[in-house]
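> Coordinates for the following, if possible.
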Amino acid sequence: MATKKKKEHELVVTLVKRPSTEKLRKVAWSMGLRRMNDTKRFPDRPEIRGMIFAVKHLLTVTEER
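Okay, here's the model as predicted:
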């Protein structure tokens, strides 16, 4: 019998403020957030949470099941 894989929780991330320094720009760019109000969905994983933590003051984050 095949086991059904559980769906991971997702994080919906939106860039709401402009990154002011080069380091913050690189983090936002690596997340795929190119412009203001860009929204991306990511699986809820520690490496994604770390990137979000680095630029948390520039983002809005909501959790979805």
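> how far away is the spatially most central residue of the chain from Val27?
For the chain, the residue nearest the mean C-alpha position is Val13 (4.5 Å; Cα atoms, centre = their mean). Val13 is 12 Å from Val27, where distance means Cβ to Cβ, to the nearest Å. In short, each C-beta sits where N, CA and C put it, glycine included.
> Ok, Thr60 next?
Distance from Thr60 to Val27, by Cβ to Cβ: 16 Å.
> quick one, which of the two is more surrounded?
Legend: neighbour count by other Cβ atoms under 10 Å for Thr60 and Val27, higher for Val27 (19 against 13).
> Wait, a helix at that one?
Yes. Under DSSP: H, G, I helix; E, B strand; the rest coil, Val27 sits within a helix.
> Touching, it and Phe53? I think so.
No. Counting by Cβ atoms under 8 Å, Val27 stays clear of Phe53, with 9.8 Å between them.
> pretty sure Ala54 contacts Lys26?
No. Using Cβ under 8 Å, Ala54 is not in contact with Lys26; the gap is 9.7 Å.
> Look at these two and report which has more neighbours.
Per other Cβ under 10 Å, whichever of Ala54 and Lys26 has more neighbours is Ala54, with 16 against 13.
> For this protein, just list every one of the helices.
Assigned by DSSP state H, the chain shows helices spanning 22-30, 46-54.
> how about a markdown table for these, with mean pLDDT and distance to Thr39 added?
What follows is the helices of the chain, written out as a markdown table (pLDDT from 0 to 100; distance: least, Cβ to Cβ, whole Å):
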| stretch | mean pLDDT | distance to Thr39 |
| --- | --- | --- |
| helix 22-30 | 97 | 13 |
| helix 46-54 | 97 | 13 |
